[in-house]
Each structure stands twice: as C-alpha cells, then as structure tokens.
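Participant: no sequence on hand, only this structure:
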C-alpha cells in the first residue's frame with residue numbers, strides 16, 4: 001500500500017491559476033500541511049522539492065508544491081497567499097499547522113523581511129556549508145537578530161544546489177528530508 005497519493009490541482013490566482021501538486025498521506029488523519037515552491041529558474045518538479053514533498057507525505061504531512069513563475073517578491077508573496085488560502089479551503093482536511101518552504105538565491109535581499117517575522121513563527125534554514133551564494137557569517141548574524149525562533153541546518157560540504165562531493169543525491173536528500181521532518185514534527189506537536 002502506498003503511503004501517499006498525488007493530485008494535480010489548479011490554485012486560483014486572480015484571473016489565472018497556479019499549477020500545483022497535492023501530496024496526500026493515506027491511512028492517517030492529517031493535521032499539518034506544507035506549502036513548497038522553488039527558487040529561480042525551477043518549477044514544482046525540481047528534484048529536491050519532489051523528494052521533500054514525497055517524504056513529508058509519507059510522514060503524514062499534507063504537502064502542496066507549486067510553480068511560481070515570477071521572481072518579484074511581491075508577486076511571490078501574493079502567490080504564497082493564494083496557495084495558503086487554497087489549502088485552508090480544502091474542507092476534507094482539518095489543518096492545525098501550515099508550514100511554508102521555499103528556496104532563495106538571495107538571502108541578503110530577504111534579510112529585512114526575515115527580521116520582521118514574529119516570535120511565534122519558527123524558521124528553518126537549510127544551506128550547504130560551501131554555498132557560495134549564502135554568506136555563512138551573514139546568515140548566522142541574521143538568525144541571531146531575528147525575533148522568530150530560527151535554526152540553520154548546514155549540510156556539511158554542500159554547495160548551493162546541496163550537492164556534496166563523494167555523496168549520492170539520494171543520500172543527501174534523505175539527510176535533508178529527515179532533518180526537515182524532525183524539525184517540523186517538533187513544531188507541529
């Protein structure tokens with residue numbers, strides 16, 4: 001028996017729609033949902049997102065991943081809001097928690113937004129320790145300055161794409177997915 005199934009969905013977004021896939025756990029009552037999207041140049045079928053969505057659904061989390069074509073922050077916030085409202089509107093689920101996740105190539109550009117997050121909003125950053133697009137010192141300083149409770153998972157040896165010399169993509173994704181799920185379970189309790 002499969003631990004989850006997938007549904008292709010269209011999320012209303014003004015006069016248009018956002019393409020999305022809902023990963024639904026089977027055999028358990030789902031109380032937590034997750035919204036995921038990609039970084040620049042990607043889409044909802046980016047291998048890291050698919051792997052994480054499948055792991056989350058296999059672990060009992062309802063997961064909706066979507067394609068967000070616009071890179072403008074205002075557009076992306078509107079898209080997340082539309083997806084959030086769509087997920088909340090699905091009456092077959094009673095969600096107590098909704099987590100959001102995404103990828104950014106510009107942590108410095110988002111730092112002011114992140115500093116403004118409220119204390120009750122937990123944040124997990126996942127980055128490769130060798131990511132040349134994420135200044136480790138700046139991210140650690142940002143984490144200390146944030147009001148929100150935040151943590152960083154540094155993938156040892158990982159670059160911006162979370163590739164690690166000498167490790168298979170599968171082992172890396174298992175490691176990252178496990179860390180994310182453990183963190184989410186802590187906050188969903």
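Facilitator: Yep, that arrived. Source: prediction; values computed, not measured.
Participant: C-alpha from now on. contacts and neighbour counts both.
Facilitator: Will do.
Participant: pLDDT on the longest helix along the chain, on average?
Facilitator: Determined from DSSP state H, the single longest helix within the chain is helix 169-188. The pLDDT scores in helix 169-188 average 94.
Participant: outside of it, which residues touch it?
Facilitator: The contact list for helix 169-188, computed with Cα atoms under 8 Å, 6 or more residues apart in numbering, reads 32, 48, 51-52, 55-56, 59, 97, 122, 124, 126, 153, 155, 162-164.
Participant: and with 10 Å instead?
Facilitator: Residues outside helix 169-188 that contact it (Cα atoms under 10 Å, 6 or more residues apart in numbering) are 31-34, 47-49, 51-56, 59-61, 96-99, 121-127, 151, 153-155, 158, 162-164.
Participant: need the per-residue pLDDT for residue 91.
Facilitator: For residue 91, the model assigns a pLDDT of 89.
Participant: count the neighbours of it for me.
Facilitator: 8 (other Cα atoms under 10 Å).
Participant: just the one 3 residues further on next, same as before
Facilitator: Using other Cα under 10 Å, residue 94 has 14 other residues around it.
Participant: again, but for residue 117
Facilitator: For residue 117, the neighbour count with other Cα under 10 Å is 15.
Participant: helices along the chain, start to end?
Facilitator: Counting by DSSP H, the helices of the chain are 47-58, 73-89, 107-115, 136-145, 169-188.
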